[in-house]
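Participant: need a 3D model of the following:
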Amino acid sequence: LIERVKSTLDGNPGEVANENPSKTSVPASEPTSESAVGAKITPPVAKINKPVPTLPKGIEEPQPKPIPKPKATNLSNFVKIDTQKLDALIDLVGELVIAKSMVVEHPVVAGQQSEELSRELRQLSRIAADLQRNAMSLRMVPIRTTFQKMNRLVRDLANSQNKQISLVTKGEDTELDRNIVEALAEPMIHMLRNSIDHGIERPAERESLGKSAEGKIEIEACHQAGGILIRIEDDGRGIDPARVLAKARERGIIDSDFNGNTHEILSLIFEPGFSTAETVTDVSGRGVGMDVVRGSISRLRGRIEVQSVVGKSTTFSIYLPLTLAIIDGMLVGAGNQRFIIPTLSIQESFKPTASMLSTLKGRGQLVNLRGRLIPMISLCQKLKIDKGSDNPSEGIILIINSGGQAKGLLVDHLISKQEVVIKPMGDTLQSQPVYSGAAIMGDGRVALILDPDALGRTDSPRTESPTSSY
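Facilitator: Numbers count the residues shown, from 1 in each chain. From the prediction side, this is the model:
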């Protein structure tokens with residue numbers, strides 16, 4: 001036994017035959033034969049110079065706990081599928097939802113007083129809604145991959161500008177439509193380049209201001225109000241509204257009589273040709289970048305806002321819908337036609353009085369909302385639609401976010417708020433920037449979806465809208 005122990009300690013264990021492997025030793029009074037000696041000896045990790053301790057008779061040696069193996073992904077639960085087939089399936093589900101709405105709202109069906117029919121229609125609506133929700137979830141992917149791409153961008157730009165910057169990401173598991181995730185990369189790159197170049201100071205300057213030498217940029221994605229909020233915040237020098245206003249007047253972006261509030265002044269950074277950089281570099285100074293960001297977000301049917309505290313922080317907030325296939329919109333009436341406005345762009349709605357309306361030379365009609373003068377756009381006049389009355393106090397004003405500024409959109413009345421399936425427009429209406437899509441309503445007719453940004457910017461006369469009357 002002693003020879004076997006020595007050989008084991010030297011790294012050459014011999015075969016041990018034992019009928020009861022749990023016994024690690026035998027008393028000295030018992031014979032040390034091959035059958036009786038069943039010492040279970042574990043090969044050592046390192047060389048041991050001490051004698052091997054033995055356990056009393058009848059006490060089993062504790063067995064080592066097995067190391068849990070990493071859980072392998074069960075690839076049999078995944079199926080590779082062509083994205084075109086997936087898009088075709090989602091389109092068919094959208095057609096099914098439209099057909100369901102047409103059946104439910106059909107006059108013959110709506111006029112029936114059968115309780116059993118009503119119960120079956122409700123069951124049909126629930127199944128169609130669940131099918132639509134599950135079909136849309138097939139397009140959802142986490143935003144993690146887009147966030148991870150920004151790590152190298154921040155690191156490279158920080159090194160090139162001799163700055164110390166750390167990137168913090170939150171909400172990487174938030175899921176968005178696959179097309180939105182792919183389209184978000186470009187605007188996020190522009191905003192991060194802007195934060196690194198204009199926002200974060202150099203280490204010496206930060207320390208002189210009482211800040212840490214390392215700047216921080218935080219990107220967060222979360223669900224909010226039925227959509228997605230992406231927030232990009234840096235702890236840099238912030239945006240000075242007075243400097244923005246002076247640069248905008250210097251470049252001719254605004255008139256000399258511009259009297260917007262702080263939010264509207266900060267929104268001027270999204271105008272084409274605007275830049276506060278003193279010199280032109282490969283990162284900034286060319287006046288392009290932030291206008292590209294707003295255009296990209298508008299194409300995704302979202303909006304972007306900026307908030308800043310001078311000397312402390314700047315925050316960009318991007319509000320996006322969950323998917324590009326379905327939009328939550330407000331159905332409004334203008335004359336004998338109806339249109340859909342995305343609810344993400346509507347801040348509030350109210351019925352104006354005659355005392356709230358005024359006309360200013362060179363600026364058109366204005367509405368006084370709690371002491372704030374807001375430019376007003378008449379939807380009927382903008383789209384050349386005939387209406388019964390020209391009195392604005394008989395209509396409804398929607399305060400919309402158009403190009404980062406508040407505008408009052410005058411419509412005749414509000415019809416309903418509902419989710420609609422977006423359909424692409426044909427070549428005939430592609431040249432009309434006011435319309436961003438179309439939707440088939442429950443009665444089988446078409447309602448055009450308005451683009452609030454283009455509606456506020458476009459001043460050219462429009463031909464009569466081809467929307468079907470109702």
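
Participant: excluding sequence neighbours, find me the nearest residue to Asn368.
Facilitator: Spatial nearest neighbour of Asn368, excluding adjacent residues (Cβ to Cβ, 6 or more residues apart in numbering): Met356 at 4.9 Å. C-betas here are computed from N, CA, C, even on glycine.

Participant: name the helices or strands packed onto the helix or strand where Gln365 lies?
Facilitator: Assigned by DSSP states H and E, Gln365 falls within strand 364-369. Applying 3 or more Cβ pairs under 8 Å, 6 or more residues apart in numbering; DSSP states H and E, one finds that strand 364-369 makes contact with strand 357-360, strand 372-378.

Participant: circling back: I'd say the residue nearest to Asn368 and Val367 touch.
Facilitator: Yes. Shown here, Met356 and Val367 form a contact pair, counting by Cβ atoms under 8 Å, at 5.5 Å.

Participant: about what we covered before: so what strands line up beside the strand holding Gln365?
Facilitator: Sheet partners assigned to strand 364-369 using DSSP bridges are listed as strand 357-360 (antiparallel), strand 372-378 (antiparallel).

Participant: shaky segments in the chain?
Facilitator: Flagging of the chain using pLDDT under 70 yields the residue ranges 13-75, 225-226, 276-289, 362-363, 388-389, 403-404, 430-431, 457-470.

Participant: now do the strands in the stretch 101-250 of the chain.
Facilitator: Along the stretch 101-250 of the chain, the stretches classed as strands by DSSP state E, counting those that start in this stretch are 140-142, 165-170, 175-177, 215-224, 227-234.

Participant: list the buried residues of the longest one.
Facilitator: For strand 215-224, burial by neighbour count (16 or more other Cβ atoms under 10 Å) applies to 215-221.

Participant: from the chain's centroid, how far away is it?
Facilitator: Centre-to-centre, strand 215-224 and its host chain are 11 Å apart (Cα atoms, centre = their mean, to the nearest Å).

Participant: can I get it as CSV, trimmed to CA atoms?
Facilitator: Taking Å, rounded to 0.1, in the frame of the first residue of the first chain, the C-alpha atoms of strand 215-224 are listed here in CSV:
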residue,chain,number,x,y,z
GLY,A,215,-16.6,62.0,-20.3
LYS,A,216,-19.6,59.8,-20.5
ILE,A,217,-22.1,59.1,-23.2
GLU,A,218,-25.2,57.1,-22.3
ILE,A,219,-27.5,55.4,-24.8
GLU,A,220,-30.8,54.0,-23.6
ALA,A,221,-33.7,52.3,-25.3
CYS,A,222,-37.0,51.7,-23.6
HIS,A,223,-40.8,51.3,-24.3
GLN,A,224,-42.9,54.5,-23.9
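
Participant: by contact count, what packs against that strand?
Facilitator: With contacts taken as 3+ Cβ pairs under 8 Å, 6+ apart, strand 215-224 sits against helix 144-160, strand 165-170, strand 227-234.

Participant: what of the third one?
Facilitator: Contacting strand 175-177 under the criterion 3+ Cβ pairs under 8 Å, 6+ apart are the following elements: strand 140-142.

Participant: just to revisit the earlier point, now the strands of the stretch 101-250 of the chain in a markdown table, with distance to Val93?
Facilitator: Below are the strands of the stretch 101-250 of the chain laid out as a markdown table (distance: least, Cβ to Cβ, whole Å):
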| stretch | distance to Val93 |
| --- | --- |
| strand 140-142 | 14 |
| strand 165-170 | 32 |
| strand 175-177 | 14 |
| strand 215-224 | 22 |
| strand 227-234 | 21 |
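
Participant: re the thing from before, pick the most buried one from the strands paired with strand 364-369.
Facilitator: Of the strands paired with strand 364-369, the one with the most neighbours on average (mean count of other Cβ atoms under 10 Å) is strand 372-378, at a mean of 18.

Participant: contact partners of stretch 112-129?
Facilitator: Contact partners of stretch 112-129, identified using Cβ atoms under 8 Å, 6 or more residues apart in numbering, comprise 96-97, 100, 103-104, 109.

Participant: just give me the closest of those residues to Phe258.
Facilitator: Val97 (45.4 Å; Cβ to Cβ).

Participant: so that closest one: helix, strand or coil?
Facilitator: helix (DSSP: H, G, I helix; E, B strand; the rest coil).

Participant: that one: what's it in contact with?
Facilitator: Val97 is in contact with 128-129, 132, 421, counting by Cβ under 8 Å, 6+ apart.

Participant: restricted to helices, list those residues.
Facilitator: Under the assignment DSSP state H, these contribute 128-129, 132 to helices.

Participant: among those, the buried ones, what's the PyMOL command?
Facilitator: With 16+ other Cβ under 10 Å as the criterion, this PyMOL line picks the buried residues out of the ones in helices among the contacts of Val97:
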select buried, resi 128+132
